[in-house]
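**Q** The sequence isn't on hand, but the structure is:
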């Protein structure tokens, strides 16, 4: 081994060790978002996002162009709905959509090249280019799939908690408390879940002087969950028409329970269809082998 090869190997080893140390330090960091009442709650970003976020500022002048304004605004709304406001901006997320494919696809391409050089004549040699393209395509899909998953999970938690919260608000209002008092009591005594976070923000907006109907509209636009939007619109109409808040809350609570029951019934009806694929692919072949396997073996012995 020549001196040049030794220096190259040592340089690569130092680079790998430095990157591993950097990744380990970033992985140990805990990221928070600040709620409307000043409390901090933990939010987890994927490790690849945290590794690449320091480089996102290099894309800021390019993403500030008018051509990207609509897309950045749409991503900003999705991040706010997903509870990532203050932790990740729309411009940073758009920059990650360029950085993640470069990092993930580049690492995958390097791995494919190394394996194809170590295993000449294997299938990696013939499929080298398609595999490299597949790595870049997968890296491009990672950011948006993560955001959609996070948003769907948050909306699901809000949907599950909403009927119970409406029942508590209904009981408090019908017992003689005003809506703000019932809301404040509910937020103070319940655990900090996504719905409670949004209700705390709405309550703070009302406390600083925002009209209740405007705060409800802001809640609906910020979260973008269909059940919560229906409740907010019903409360806005009740506020505009002077209808009793207690009766509206009771009606909405009953409707939310009916919707939850309908969703559960729909999922139960879809279960046999979803089980058909695993049944055909796994269970039927196993039964076929168990029942007909001995007969096939016996026929093969008699023939040969």
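**A** Perfect, thanks for sending it. Just so we're clear, the structure is a prediction, and the values are computed from it rather than from any experiment.
**Q** what residue ranges in the stretch 51-200 of the chain score low on pLDDT?
**A** 119, 121-125 (pLDDT under 70).
**Q** if we go to 50?
**A** By pLDDT under 50, the stretch 51-200 of the chain has no low-scoring segment.
**Q** now the helices for it?
**A** Using DSSP state H, counting those that start in this stretch, the helices found in the stretch 51-200 of the chain span residues 60-63, 69-81, 90-118, 123-126, 128-174, 179-189, 194-207.
**Q** for those helices, which one sits closest to residue 39?
**A** Ranking the helices of the stretch 51-200 of the chain by proximity to residue 39 (CB to CB) places helix 194-207 first, at 8.5 Å. Any C-beta I mention is one placed from the backbone N, CA and C, and that applies to glycine too.
**Q** Helix 128-174 and the helix or strand just after the closest one, what's the angle between them?
**A** Note on helix 194-207: by DSSP states H and E, the next helix or strand toward the C-terminus is helix 212-223. Between the axes of helix 212-223 and helix 128-174, defined by axes from the mean of the first three to the mean of the last three CA atoms, to 10 degrees, the angle is 160 degrees.
**Q** Next, the buried residues of the next helix or strand after helix 212-223.
**A** For helix 212-223, the following helix or strand on the C-terminal side (DSSP H and E) is helix 226-241. Of the residues in helix 226-241, 227-232, 234-236, 238-239 count as buried by neighbour count, 16 or more other CB atoms under 10 Å.
**Q** ok, back up a step: would you mind finding the most buried of the helices of the stretch 51-200 of the chain?
**A** helix 194-207 (a mean of 20; mean count of other CB atoms under 10 Å).
**Q** So for the buried residues of helix 226-241, which is the shakiest by pLDDT?
**A** Note: of the buried residues of helix 226-241, the lowest pLDDT belongs to residue 239, at 80.
**Q** any idea what sits nearest that one, other than its immediate chain neighbours?
**A** Counting by CB to CB, 6 or more residues apart in numbering, residue 213 is the residue found nearest to residue 239 once chain neighbours are left out, at 5.0 Å.
**Q** who touches the one you found in this structure?
**A** Applying CB atoms under 8 Å, 6 or more residues apart in numbering, we find residue 213 in contact with 235-236, 239-240.
**Q** Dump those residues to JSON lines, plus distance to residue 259.
**A** Converted to JSON lines, these look like this (distance: CB to CB, whole Å):
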{"residue": "235", "distance to residue 259": "17"}
{"residue": "236", "distance to residue 259": "19"}
{"residue": "239", "distance to residue 259": "23"}
{"residue": "240", "distance to residue 259": "24"}
